[in-house]
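**Q** For reference, the sequence and a predicted model appear below.
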Amino acid sequence: MALTIPPYYRASLNGNSMESAIRLLKEKFQECLSKKLGLRRVTAPLFVLSGTGINDDLNGSERAVSFPIRDMGDRRAEVVHSLAKWKRMKLAQYRIAPGYGLYTDMNAIRADEELDNLHSLYVDQWDWERTMRAEERNLAYLKGVVRDIYDVLREVEAATYERFPHITPVLPDEITFIQAEELLRRYPGLTPKEREREAAKEYGAIFIIGIGGRLSDGTKHDGRAPDYDDWSTVNEAGHAGLNGDIVLWNPVLEVPFELSSMGIRVDAAALKRQLEEAGCPERAGLEFHRALLDGELPLSIGGGIGQSRLCMFLLRCAHVGEVQASVWPDEMREACLRAGIELK
């Protein structure tokens with residue numbers, strides 16, 4: 001457990017006002033996002049069957065919360081980590097045309113999460129996915145979608161200021177794009193998280209491109225499962241990766257603040273390549289992977305945007321527990337109370 005209490009911190013809103021603000025932000029954001037990206041809302045599962053390859057592995061090490069289903073001969077189901085693969089299957093099922101897509105409320109339990117100011121056992125995010133054409137699988141298209149999402153962030157930040165004038169906007173006019181390899185070259189003596197800190201502090205809002213593949217020094221900026229984001233295709237800038245993270249500078253905690261992980265999804269060639277590189281080519285025989293390799297799934301771009309993370313950032317909270325109900329260690333809850341921070 002790690003906990004940071006900013007000096008002289010005071011919550012920007014009291015309990016009732018905070019609840020009203022959370023509702024305002026969530027309603028405003030999903031309305032703006034759906035219009036900007038051409039998305040329609042769908043209902044999502046809380047769990048999927050184990051062994052199908054539909055659930056996401058995230059960094060490849062997190063254990064899914066699972067349970068037996070009595071009426072299915074104790075076949076196991078597992079709580080979703082995210083819905084990247086499930087959403088792509090729904091694009092095919094609903095025959096959604098290029099340029100349009102879907103979004104949903106994704107709720108998850110990540111039992112292996114290290115709890116701190118930003119991380120909880122409970123994950124709530126908007127998962128979205130949009131169909132795309134083969135000729136759009138490039139860096140320019142990726143950047144265009146990122147800019148659209150950033151425009152929505154700034155629009156909702158402006159709405160927050162209009163409703164609560166003491167919470168002044170901090171997001172810069174533009175988001176800065178930077179390759180993970182460029183960060184390595186710029187800050188060769190720093191860890192990936194330290195590089196993120198320097199870049200986020202300098203620019204205020206960045207999109208780090210190419211997360212999951214190996215950099216020139218043999219390391220990875222961060223882990224990514226091999227079967228949803230495309231982190232291996234060489235882009236127009238000459239670097240690997242058609243995916244990335246939106247990272248903001250958090251002025252309350254003075255830390256880099258990841259709000260979204262997203263990217264152009266693997267095509268058949270990238271999936272084969274990444275499964276081999278990750279040392280798990282046998283996954284090609286799973287339900288989702290077979291469908292992709294057989295050409296049954298559309299090309300797509302998608303990602304997840306943290307709901308509590310967004311509220312925490314825009315309402316200038318020091319702890320995600322101020323905007324989200326979850327389970328916290330007693331010592332964390334007590335330390336927060338002593339500092340005047342009430343966790344839900």
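**A** Okay, I see it. Numbers count the residues shown, from 1 in each chain.
**Q** and the worst-scoring helix or strand of the chain on mean pLDDT, how far from the chain's centre?
**A** Least confident helix or strand of the chain, by mean pLDDT, DSSP states H and E, is strand 47-49 with a mean of 85. Remark: strand 47-49 is offset 20 Å from the chain centroid, using C-alpha atoms, centre = their mean, to the nearest Å.
**Q** Sheet partners, orientation included, of the next helix or strand after it?
**A** Later in the chain than strand 47-49, the nearest helix or strand by DSSP states H and E is strand 66-69. Strand pairing for strand 66-69, using DSSP bridges, gives strand 75-79 (antiparallel).
**Q** Can you give me the buried ones in the strand it pairs with?
**A** In terms of neighbour count (16 or more other C-beta atoms under 10 Å), strand 75-79 has its buried residues at 77, 78, 79. For glycine as for every other residue, the C-beta is placed from the backbone atoms N, C-alpha and C.
**Q** Stretch 131-145 now?
**A** Here stretch 131-145 shows 131, 132, 136, 137, 139, 141, 142, 145 as buried, counting by 16+ other C-beta under 10 Å.
**Q** So, low pLDDT: which residues of the protein?
**A** Low-confidence segments of the chain (pLDDT under 70): 1, 57-62.
**Q** hey, which helix is longest across it?
**A** helix 139-163 (DSSP state H).
**Q** who touches it?
**A** With contacts defined as C-beta atoms under 8 Å, 6 or more residues apart in numbering, helix 139-163 is touched by 21, 24-25, 28-29, 32-33, 36-37, 130, 132, 167-171, 173-175, 177, 205, 207, 209, 235-237, 242-244, 246, 259-260, 262-264, 301, 305, 310, 314-315.
**Q** Out of those, list just those in helices.
**A** Of the contacts of helix 139-163, the ones assigned to helices by DSSP H are 21, 24, 25, 28, 29, 32, 33, 36, 37, 310, 314.
**Q** so how far is residue 313 from the closest residue to the fifth one other than its chain neighbours?
**A** The spatially closest residue to residue 29, leaving aside those adjacent along the chain, is residue 156, at 5.0 Å (C-beta to C-beta, 6 or more residues apart in numbering). Using C-beta to C-beta, to the nearest Å, we find residue 156 at a distance of 10 Å from residue 313.
**Q** now do residue 320
**A** Taken as C-beta to C-beta, the span from residue 320 to residue 313 is 10 Å.
**Q** Please tell me how far residue 307 sits from residue 125.
**A** 6 Å.
**Q** Looking at residue 156 and residue 313, which is more packed in?
**A** Neighbour count, other C-beta atoms under 10 Å: between residue 156 and residue 313, residue 313 has more, with 27 against 23.
**Q** Run through the residues that contact the more buried one.
**A** 248, 250, 257, 259.
**Q** between the host helix or strand of the third one and helix 139-163, how many degrees?
**A** This points to residue 257. Using DSSP H and E, residue 257 falls within strand 255-264. Angle, strand 255-264 to helix 139-163, by axes from the mean of the first three to the mean of the last three C-alpha atoms, to 10 degrees: 130 degrees.
**Q** Give me the angle between the helix or strand that strand 255-264 is followed by and strand 255-264.
**A** Next in sequence after strand 255-264, counting helices and strands by DSSP H and E, comes helix 268-277. Direction vectors for helix 268-277 and strand 255-264, defined by the same axes, to 10 degrees, enclose an angle of 130 degrees.
**Q** List the buried residues of the helix or strand following helix 268-277.
**A** Later in the chain than helix 268-277, the nearest helix or strand by DSSP H and E is helix 287-293. For helix 287-293, a neighbour-count test (16+ other C-beta under 10 Å) marks 288, 289, 291, 292, 293 as buried.
**Q** Restricting to C-alpha, output helix 287-293 in PDB.
**A** The C-alpha coordinates for helix 287-293 follow below in PDB (Å, rounded to 0.1, in the frame of the first residue of the first chain):
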ATOM      1  CA  GLU A 287     -12.400 -18.600 -30.100                       C
ATOM      2  CA  PHE A 288     -11.600 -14.900 -30.400                       C
ATOM      3  CA  HIS A 289      -8.200 -15.400 -32.100                       C
ATOM      4  CA  ARG A 290      -9.600 -17.900 -34.600                       C
ATOM      5  CA  ALA A 291     -12.300 -15.500 -35.600                       C
ATOM      6  CA  LEU A 292      -9.800 -12.700 -36.200                       C
ATOM      7  CA  LEU A 293      -7.400 -14.900 -38.100                       C
END
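**Q** Run through the neighbouring helices and strands of it.
**A** Counting contacts by 3 or more C-beta pairs under 8 Å, 6 or more residues apart in numbering; DSSP states H and E, helix 287-293 is packed against helix 84-94, helix 268-277.
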